[in-house]
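**Q** predicted structure and sequence below. I'll ask about it afterward.
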Amino acid sequence: MGTTASQLGKDLLSEYQELTFLTKQEILLAHKRFSECLSKEDKNLPTPRVPMEKVLSLPELKSNPFRKRICHVFSTSDMKDGSLTFEDFLDLLSAFSDSATLEIKSHYAFRIFDFDDDGTLDSGDLEKLVNCLTGETDDTRLTPEEMRQLISNILEESDIDKDGTVNLSEFQHVISRSPDFVSSFKRLFCEVYK
Amino acid sequence: MEVVGEEDGDTEGKRKNGHSKKEEKKEDNERGEKVQKKKKNKRIETSSEQESSEEVEDEVEEEGEEKPEVLSPEELEKLKEAVDERKKRISTLRGKPWPMRKKLLTLRESHEFVEKYEGALGKGKSRKLYAYKVMMLKKWMKFQRDFENFKTACVPWEMKIKEIESHFGSSVASYFIFLRWMYGINMILFGLTFGLVMVPEALMGRPYGSMPRKTVPRAEEANAMDFAVLWDFGGYAQYSVLFYGYYNSQRAIGWLKFRMPLSYFLVGVGTVAYSYMVVIRTMARNANEDGGGDDNSFNFSWKMFTSWDYLIGNPETADNKFASITTSFKEAILEEQESRKDDNIHLTRFLRVLANFLVLCCLAGSGYLIYFVVRRSQKFALEGLESHSWWERNEVNMVMSLLGMFCPMLFDVISALENYHPRIALQWQLGRIFALFLGNLYTFIIALMDEINLKREEEEVLKLNMTIWEASLYNGTLGANSTAPPITVHPADIPRGPCWETMVGQEFVRLIVSDTMTTYITLLIGDFLRAVLVRFLNYCWCWDLEAGFPSYSEFDVSGNVLGLIFNQGMIWMGAFYAPCLPALNVLRLHVSMYLQCWAVMCCNVPQERVFKASGSNNFYMAMLLVILFLSTLPAIYTIVTIPPSFDCGPFSGKSRMFDVIQETLESDFPAWFGKMFSYASNPGLVLPFLLLMVLAIYYLQSTSKSYKQANLELKKKLQTGPTADLHAAEQNEENKKKKKMAALKAAMDLEEAQNARSEAPRQQRNNNASQQSYRDRGEKKGGEHRAHQGKSNHQIPPSATRPPAPRGHGLPGPLPGNQRQPAPSVQRVPNSQRH
């Protein structure tokens, strides 16, 4: 523990506190957790990255259908390989923390759901989203007819300007009315939050 | 990464370089160095500035550049503004969806700026003061942050609950959060009664054995220490601070002159008042939090976007969740399709009526059973408890617990007839169990009332006997010696009244204890034993026990929550007559927490239908409120109408318990205060005041109704707007936009008004976000499609149709890290707006 604290540095730690919705203990725990994921040779790099495969195999993410999307959204890697630096990891934790605002949560949720990264949720994105939510097994999948019906219903509700896609502001409008969103979109890594 | 920032800002910085060169000429040489530094600082700043694209700020900053040299008051003002702007940015930075690197850069620059110019503000004395203020502010912020850290570290059982949450989803965890909340409330109630009633009486009151009410009577002395008697809260337990009867009516006790009866009364009232306050406050907060969530206009979208529970880390739970989401989608689609045609309505209607009839029968039956049992137990009590078996003595509690255990199962079976949607079915089920518990509780109370009346009759008889006994005592001694010293009779020998208050307290304490025991035993048998059997018999059984019939049990959230609520109701009801009840309850909740956490983790399986609890939270709270009201009713009734026992309790000798207030007013306060109080309690004043309150409530309600209507209207406008626009002519469109602008403005005003009413700052943030979405949409309709205003931000939409967009924490900025996001999203302008 002592080593992690010194590794982070007091100034940096307080800056992280100011920039995220995490407390000091949470950041330290996050750092510990992050360091555990790093391989030996990576630790010596100035900004070590945890590769996506490693992140995906973490127990908290193992059963999450959006795990790949989450990595891609929070990764700042130039190679688009979904690897995470410690700061990316902090961003992720901050967005999923209890005290993060609805605005930031909905922003990241939108980007997670935006599978093709084009800035809007079109019917392709929605279809992928439904498939993620219903799981991989065939018996829980929806039939094409049901899928079509579902997507048309969703677009009917949320697509306020009727351009066939749901954009960020429409998404935020819909989400902000939801009673469940804030409570469900939180605490991905519950061990870290203490 | 600083290097990157500087390179980025270099081109921009050059423009500024030229700018500041002019200034440099004006300045003398010694200042030049300073400016050089500033420039550098500035250059980095612009790099971040450029990205956040707030040009106005740049200007302000530029003015700020010359400040330390010139310092005219208005420029000082501007500089101050710029500093404040930075500070605001620092505080809002965490709410920005930027990658950390960018946030860090911005933060560092802003800090540097603030630090640099903050000192320059003000001169001489005021400068010192300012610096001091700034320093204090920083210290204060740090303290607040540490305090926040400390507070989160103080919340008990957080890790346990999180662990459960990740295994079982938020609905099961919500029970434990509710339990913890209850624990907190009970802690405070316990603190009140313990600190202000029990401890003072134990320390400063007259000791045990000094007077009849504080002594075990001679007849009971032999077995007052037996465990069976103590377990029944008789014997020494009955004659202790745990119960009402032990307290003395002496007005002030100890060297502190502690007003014991007054304190007892006020604590009783305070307990109830505090509970009301907490419950209502929590309800209001919950209502605020899911305010607007009541409409069903986004049914599908919510299912889609918010149904995944990100807490789930357990593959089994995840599979269940997948299945439940799929079924919910299918159900929603089916509901949508079948909303028009509803066949066989008569059969379902018949079945529902039948089910309700059956449930009513159950309720009536259980009510009668309890009444019968309580009457029988009174008969037994009159005959003397010793001659009866254990079962006959504990019949009432056992029957109540058994009913509470088996009736819900019966209701479950009956509700299968009704064929309701699961969520509605759950609410019906909860309502029925609620009615059952309530009926049972009230039958119990009515039976208790009968008993109270019996005891009071007994008391009357005893009072008569008492005078005879005293007279005979005096006569006997007088005959022997006329100048006898005051006769000393041991307090244990003095006859005494039945003290109905202690009896009521005992009944409640017994009820709580037996309830706790049954809960724990059912937990151990129903969950643990079952899990053990299923687990180990599975090796040698003919069918698969784990997947087949008995399987493992699920955690019954609603039943447990109801149990908790009713337990609390009994506490509220009985706490006045048994000050030990909150303490007992704290103990019970504490044990429950550990036991149930353990039981859930070791022998329950995740629910098949993983549903979220947040929607029904206020449902539970509403039940708690109803229970609170219903449980304070009988308590208040007894306090107000029944005269206290003549020889026990803090109010003995008074005709009513609340006389203690009047007594205090008369003897402890100056005369004018009593007079004022009597004026204030005059019906002539109270009635108009009540009337005023009713009028105020009426006014507030009607305004809120009109707000609601306006909200509805606006929603309609928003929804019909775009489609109507499709066929509108151009001028018409212009007109409509104006109207919509007005509507949006009204919506904003409205939301702001609502904001002002809600206290919670977090809620405010939520509302801001929703306002934001309103504004965003207004903007979109009014002008161009500006979903992503990254670098293409400079094209400003027609300002006439643009609502005043807030600065700072406003629009969701560019999508960071999304470089191949092409700027021309303008091309995707909604067709409806184009003609």
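**A** Arrived safely.

**Q** count of neighbours near residue B:579?
**A** Residues near residue B:579, counting by other C-beta atoms under 10 Å in any protein chain shown, number 28. No exception for glycine: its C-beta is placed from N, CA and C like everyone else's.

**Q** so when I look at it, I'm seeing a strand, right?
**A** No. Using DSSP: H, G, I helix; E, B strand; the rest coil, the secondary structure at residue B:579 is coil, not a strand.

**Q** got the contact list for the closest residue in space to it that isn't next to it in sequence?
**A** Leaving aside its chain neighbours, residue B:579 sits nearest to residue B:193 (4.6 Å; criterion: C-beta to C-beta, 6 or more residues apart in numbering or on different chains). With contacts defined as C-beta atoms under 8 Å, 6 or more residues apart in numbering or on different chains, residue B:193 is in contact with B:267, B:271, B:575, B:579-580, B:582-583.

**Q** roughly how far apart are residue B:193 and residue B:415?
**A** From residue B:193 across to residue B:415, the span is 40 Å (C-beta to C-beta, to the nearest Å).

**Q** same question, residue B:529
**A** 27 Å.

**Q** equivalent analysis for residue A:146, please.
**A** With C-beta to C-beta as the criterion, residue A:146 and residue B:415 are 28 Å apart.

**Q** higher neighbour count, those two?
**A** Ranked by neighbour count (other C-beta under 10 Å), residue A:146 and residue B:415 place residue B:415 first, with 20 against 17.

**Q** quick check: the more buried one touching residue B:427?
**A** No. Using C-beta atoms under 8 Å, residue B:415 and residue B:427 do not qualify as a contacting pair, with a distance of 10.6 Å.

**Q** check contacts around residue 115.
**A** Reading this off chain A. Applying C-beta under 8 Å, 6+ apart, one finds that residue A:115 lies in contact with A:69, A:124-125, A:128-129.

**Q** was after chain B, sorry
**A** Taking C-beta under 8 Å, 6+ apart as the definition, residue B:115 has no contacts.

**Q** just say helix, strand or coil for it.
**A** Look at residue B:115: counting by three-state DSSP, its state is helix.

**Q** test my guess that residue B:148 contacts residue A:23.
**A** Yes. Counting by C-beta under 8 Å, residue A:23 is a contact partner of residue B:148 at 6.8 Å.

**Q** name the residue in those two with the higher neighbour count.
**A** Counting neighbours by other C-beta under 10 Å for residue B:148 and for residue A:23 shows that residue A:23 has the greater number, 22 against 14.

**Q** now the more buried one: phi and psi?
**A** Torsion angles at residue A:23 (phi, psi; degrees, to the nearest 10) stand at phi -90, psi 170.

**Q** the nearest residue to it once chain neighbours are set aside and residue B:469: what is the separation?
**A** What sits nearest to residue A:23 in space, not counting adjacent residues and going by C-beta to C-beta, 6+ apart, is residue B:149, at 4.6 Å. Taking C-beta to C-beta as the measure, residue B:149 falls 67 Å from residue B:469.

**Q** where does pLDDT dip in chain A?
**A** A:1-7, A:41-42, A:136-140, A:179-180, A:183, A:186-194 (pLDDT under 70).

**Q** in it, which spans are strands?
**A** With DSSP state E, the ranges of strands along chain A come out as A:120-121, A:166-167.

**Q** okay, now the sheet partners of the last one, with direction.
**A** So the one you mean is strand A:166-167. Using DSSP bridges, the strands paired with strand A:166-167 are strand A:120-121 (antiparallel).

**Q** residues making contact with the partner strand?
**A** Counting by C-beta under 8 Å, 6+ apart, A:110, A:113-114, A:129, A:165-168, A:171, B:787, B:828 sit against strand A:120-121.

**Q** next one: stretch B:217-234
**A** So stretch B:217-234 is in contact with B:216, B:235-237, B:242-243, B:490, B:492-493, B:496, B:506, B:509-510, going by C-beta under 8 Å, 6+ apart.

**Q** most neighbours, which of the residues you listed?
**A** Neighbour-wise, the contacts of stretch B:217-234 (other C-beta under 10 Å) top out at residue B:243, 25 neighbours.

**Q** check contacts around that one.
**A** Applying C-beta under 8 Å, 6+ apart, the residues near residue B:243 are B:233, B:237, B:501-502, B:505-506, B:577-580.

**Q** farthest-separated two in those residues?
**A** Farthest-apart pair in the contacts of residue B:243 is B:237 and B:501; separation 15.3 Å (C-beta to C-beta).

**Q** just checking, what's the longest helix in chain B?
**A** For chain B, the longest helix by residue count, based on DSSP state H, is helix B:422-480.

**Q** next secondary structure after it?
**A** The helix or strand immediately downstream of helix B:422-480 is helix B:500-522, counting by DSSP states H and E.

**Q** the helix or strand that that following helix is followed by: which residues count as buried?
**A** Once helix B:500-522 ends, the next helix or strand along the chain (criterion: DSSP H and E) is helix B:530-537. For helix B:530-537, burial by neighbour count (16 or more other C-beta atoms under 10 Å in any protein chain shown) applies to B:530-531, B:534.

**Q** list the contacts for the residue nearest to residue B:152 when sequence neighbours are not counted?
**A** Distances taken as C-beta to C-beta, 6+ apart place residue A:23 nearest to residue B:152, at 5.7 Å, with adjacent residues excluded. Neighbouring residues of residue A:23 by C-beta under 8 Å, 6+ apart: A:17, B:148-149, B:152.

**Q** of the residues you listed, closest to residue A:141?
**A** Distances from residue A:141 to these, taken by C-beta to C-beta, are shortest for residue B:152, at 41.3 Å.

**Q** following element in sequence after the host helix or strand of that closest one, please.
**A** For residue B:152, the enclosing helix or strand under DSSP H and E is helix B:124-154. The helix or strand immediately downstream of helix B:124-154 is helix B:158-193, counting by DSSP H and E.

**Q** quick one: that following helix to helix B:124-154, angle?
**A** Going by axes from the mean of the first three to the mean of the last three C-alpha atoms, to 10 degrees, helix B:158-193 is angled at 100 degrees with respect to helix B:124-154.

**Q** re earlier: most neighbours of all the contacts of residue A:115, which one?
**A** Result: residue A:129 is most packed of the contacts of residue A:115 (other C-beta under 10 Å), 23 neighbours.
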